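Asks: sequence plus predicted model, see below.
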Amino acid sequence: MTKAAWGDVRKKLRDTVGENNFITWIAPLELAAVDEDVVRLSAPTNFIANWVNRNFADHILRAMTAQGIPAQRIEVVVEVRVPAAAERVQRTLAAPQDIPRATRPAAVALPRTDDDIPAATLDARFTFDNFVVGKPNALAHAAARRVAEGAAVTFNPLFLYGGVGLGKTHLMHAIAHELQARKPEARVLYLSAEQFMYRFVQALRERQIMDFKSLFRSVDILMVDDVQFIAGKESTQEEFFHTFNALVDQNKQIVISADRAPGEIKDLEDRIRSRLSSGLVVDLHPTDYELRLGILQQKVELNRAAYGNVEIGHGVLEFLAHRITTNVRVLEGALTRLFALASLVGREVTLDLAQDCLADILRSSDRKVTVEEIQRKVAEHYNIRLSDMIGPKRLRVIARPRQIAMYLAKQMTTRSLPDIGRRFGGRDHTTIMHGVRKVEELRTNDPQLAEDLDLLRRLLES
Ligand code: ADP
Ligand code: MG
C-alpha cells in the first residue's frame, strides 16, 4: 500500500467515523509498514494505539477493503513513547492542521438505494433529539419540525441559511430521520448541491438525462444542502430550476440551505433567486452564550457514553462557551479533545489543563476586534462622543457606556487590564477591573443592558 492509498483510506474514514473521531484518533496515525496482508500503522502514544486497536480496527480494515487494498489484519504500533505530561499529550492529540475545517467534507460516495435514488448518507447523530434549541435557532428549528411532520405543504421551499457550523445540515438530516420514521413510504432525498451537480454532469455524460429528470421528479421531499455551491454554474442552475419547479407544481416539499440569504448569493440567476425566496426564509443566527453552553452540556452527556465518566472541572464549559464563539463544530472539536485528554491523563480536566490543551483552537478563534473598534461602536450606540470614552467625565450617561466598552474589551480582546487601561486614556488597571465587574453585575438583573451587550457583541463580531 502506498502513502497515497493510505490518504484515500483516511478520506473514507473521515466520512465513516465522523469528524471528531477522525481528528482525535485517525489523523495521528501514520502508515508504518505493509507485510503481506498485515498493515502496520503507527500511533504517537500507547493510549491512541490501544484505543484504535480496540475501537477502530474494523473500520479501518473495511475502508481498506473498499479501496481495494487486500489487507487481512491491521496492527497499530507505538512509534514514539510520550510521557503522560499534559503538554506533550496535547501535541500528539491533534496537529494544528487537523483542527476542524470550516466545512465538513461532502459525502464522497453516493450509495444507491434499491430504486436508485442517489442519497448522501445521513449522520445518525443529527436528530431533533440531539439539537439544542435556543433563541438564535428557535425559528429555524420550528420550521424544520413543521416540515418533518409531513403534513400538507404550507411553505415551499423552506430556505434555511446561516454561517458555517450553525446547524443547517443537522436540521436537514433531522427532518429526513423524522420523516423516515413517520412515513416510511415517503421518498426523501437529501443531497448537497455539489452532489446534485455531480449527478447531473454524470447523467449528461452518460446520456441518461431523462432518467435523471424522472428520478428527481419522483421524490416526495427534496433537500438540497449548501445551494450557494451552484452559483455561477449555469447549466446546473438551469436543471435545478426545472427540477425545483416540477416539484413545486406537484406540491412536493423542498428544503434548501445556504450560507447566506437568497438575495445575497452572487452569480445566481434572478429567477432562481426569487424562486428560492418565495417560501419561508429563516436564518440561523450566530449562537449566543446560553446556546453554546447548552450545546456543550448536551455534548458532555453524549461524549460520556463514548468515553466513560470523565470529570470536567468547574467553569471549564463556561470558559469554552465564552471563548469559542464562532462555530459549533469548533466547539465540539474542543470538547472531544478534552475528553480524550481526560481519559489519557486519568484525572479531572481543570481550567488550566483545558487552556493548555486547546491553546491553538483558542488562539484561532480569538476575534480580531480592537479596543478602538469597541469604543467606537459603543459610543455610536449610546450616542456619546468617542473622545468621551477616553476622557475624564464622570457623568453616568458617559461613564456607563465607557464601562460597557471596558467590559467588551476584556471579553472580546486578549489585551490585559493594564493594556486596556492605557487605551482608555491611561486609566489604572483597577479602574478597568471595577468597570468590568460593574457591568457583569448589572447584566444579570438589567435585561435591557444584557440585550445591549448582546447586540453590541454581534455587531462587533460581524
Ligand atoms: P452547518 O451545516 O450549518 O455548517 P452543521 O449542521 O454541520 O452546520 O453543524 C455543525 C456541528 O455542530 C454538527 O456536529 C452539529 O451537530 C452541531 N450543532 C450545530 N448546532 C447545534 C445545536 N443547536 N445543537 C446541537 N448540535 C449542534
Ligand atoms: Mg452544512
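Replies: On my side now, so go ahead. Computed from a prediction, not measured in an experiment: that's the story for all the values here. Ligands and ions are numbered 1, 2, ... in the order given.

Asks: residues contacting the residue in the chain positioned nearest to ligand 2?
Replies: Nearest residue of the chain to ligand 2, counting by C-beta to the ion: T169, 3.2 Å away. Glycine gets a C-beta too; all of them are placed from N, C-alpha and C. Applying C-beta atoms under 8 Å, 6 or more residues apart in numbering, we find T169 in contact with 104, 123, 126, 225, 257.

Asks: any low-confidence regions in the stretch 351-462 of the chain?
Replies: 365-367, 462 (pLDDT under 70).

Asks: can you find the helix or strand in the protein with the smallest mean pLDDT?
Replies: The helix or strand of the chain with the poorest confidence is helix 86-93; it has a mean of 33 (mean pLDDT, DSSP states H and E).

Asks: mind putting the contacts of T169 into a markdown table with neighbour count?
Replies: Output for the contacts of T169, formatted as a markdown table (neighbours: other C-beta atoms under 10 Å):
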| residue | neighbour count |
| --- | --- |
| R104 | 17 |
| D123 | 19 |
| F126 | 18 |
| D225 | 23 |
| S257 | 24 |
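
Asks: now for those residues: which two are most distant?
Replies: Longest distance between any two of these is 14.4 Å, between D123 and S257; criterion C-beta to C-beta.

Asks: re the thing from before, separation between the residue of the chain closest to ligand 2 and R145?
Replies: Separation of T169 from R145 (C-beta to C-beta, to the nearest Å): 16 Å.

Asks: where do the helices sit along the stretch 151-300 of the chain?
Replies: Applying DSSP state H, counting those that start in this stretch to the stretch 151-300 of the chain gives helices spanning 168-182, 193-205, 209-217, 234-249, 270-276, 289-307.

Asks: just the stretch 301-450 of the chain next, same as before
Replies: 316-323, 328-345, 351-357, 359-364, 371-382, 386-390, 396-412, 417-423, 429-445, 447-461.

Asks: what's the domain layout of the chain?
Replies: The record's domain split for the chain, according to automatic domain parsing, is 3-81, 101-283, 289-365, 371-461.

Asks: interface residues of the chain facing ligand 1?
Replies: 104, 126, 130-132, 137, 162, 164-170, 295, 328-329, 332 (C-beta under 6 Å from any ligand atom).

Asks: how far away is R10 from F319?
Replies: 32 Å.

Asks: give me the neighbour count for A174.
Replies: Burial of A174 is recorded as 25 neighbouring residues (other C-beta atoms under 10 Å).

Asks: grab the nearest non-local neighbour of it.
Replies: Of all residues not flanking A174 in the chain, F128 sits nearest, at 4.6 Å (C-beta to C-beta, 6 or more residues apart in numbering).

Asks: and what of W6?
Replies: L31 (4.3 Å).

Asks: tell me who's in contact with that neighbour.
Replies: So L31 contacts 1, 3, 6, 39-42 (C-beta under 8 Å, 6+ apart).

Asks: repeat that with 7 Å
Replies: By C-beta atoms under 7 Å, 6 or more residues apart in numbering, the contact list for L31 reads 1, 3, 6, 41.

Asks: please save the CA atoms from stretch 205-216 in CSV.
Replies: Coordinates of each C-alpha in stretch 205-216 appear next as CSV, following Å, rounded to 0.1, in the frame of the first residue of the first chain:
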residue,chain,number,x,y,z
ARG,A,205,-22.0,12.4,-19.9
GLU,A,206,-23.8,9.0,-19.9
ARG,A,207,-26.7,10.3,-21.9
GLN,A,208,-29.1,9.4,-19.1
ILE,A,209,-30.6,12.8,-18.6
MET,A,210,-34.2,11.5,-18.9
ASP,A,211,-33.5,9.1,-16.1
PHE,A,212,-32.0,11.9,-14.1
LYS,A,213,-35.1,14.0,-14.6
SER,A,214,-37.6,11.4,-13.8
LEU,A,215,-35.6,10.3,-10.7
PHE,A,216,-35.6,13.8,-9.2
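
Asks: show the average pLDDT along that stretch.
Replies: Averaging pLDDT along stretch 205-216 yields 91.

Asks: which parts of stretch 267-284 are buried?
Replies: 268, 272, 275-276, 279-284 (16 or more other C-beta atoms under 10 Å).

Asks: identify, from those, the entry nearest to ligand 1.
Replies: L284 (6.7 Å; C-beta to the nearest ligand atom).

Asks: so what pairs up with that closest one in the strands?
Replies: G162 (DSSP bridges).
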